[in-house]
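Novice: From the sequence below, what's the structure:
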Amino acid sequence: MSMHIRKGDDVVILCGKDRGKRGKVLFVDSKKGRVKVEKCNLIKRHVRPSQKNPQGGIVEKEGTIHISNVALWDGKVGKPCRTRVTTLEDGRKVRVSTKTGETFGG
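Specialist: Numbering: from 1, shown residues only. Down below sits the predicted model:
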């Protein structure tokens, strides 16, 4: 399955409790179709003491969001955008904004 969102992209959340928040994609799970966005969808996990975390306690970390609930952020327009894949003359495939024509991750 081809993903329109990749690790390191700047995205905006379209629905849910963090709707409207922007962040960088930290992790993409292509099999499940989920992404982890920086400082969004924070969940609390109870962790027992270990060498890494000797105190233990409650830790806040990012949860995953379904990929259909995030959109790529177009900095030129200042809005979320849709993309299409085009092939350049040298054979590389790049994602291009449908409205502005700006390329992402080229």
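Novice: From here on, just use CA atoms for contacts and neighbour counts.
Specialist: Fine.
Novice: what packs against the helix or strand of the chain with the lowest mean pLDDT?
Specialist: Using mean pLDDT, DSSP states H and E, strand 103-104 stands out as the lowest-scoring helix or strand of the chain, at a mean of 88. Counting contacts by 3 or more Cα pairs under 8 Å, 6 or more residues apart in numbering; DSSP states H and E, strand 103-104 packs against strand 93-97.
Novice: Spatially central residue for the protein, please.
Specialist: Of all residues in the chain, the one closest to the mean position by Cα atoms, centre = their mean is Val25, 3.3 Å from it.
Novice: Find me the pLDDT at that residue, would you?
Specialist: At Val25, the model reports a pLDDT of 97.
Novice: list the contacts for it?
Specialist: For Val25, the contacting residues are Arg6, Lys7, Gly8, Asp9, Asp10, Val11, Val35, Lys36, Val37, Glu38, by Cα atoms under 8 Å, 6 or more residues apart in numbering.
Novice: Could you do Trp73 as well?
Specialist: Trp73 makes contacts with Asp10, Val11, Val12, Lys79, Pro80, Cys81, as judged by Cα under 8 Å, 6+ apart.
Novice: Let's see the pLDDT reported for Gly106.
Specialist: We have a pLDDT of 59 for Gly106.
Novice: Pull the contacting residues for the nearest residue to Glu62 once chain neighbours are set aside.
Specialist: What sits nearest to Glu62 in space, not counting adjacent residues and going by Cα to Cα, 6 or more residues apart in numbering, is Leu42, at 4.5 Å. Taking Cα under 8 Å, 6+ apart, we find Leu42 in contact with Glu60, Lys61, Glu62, Gly63.
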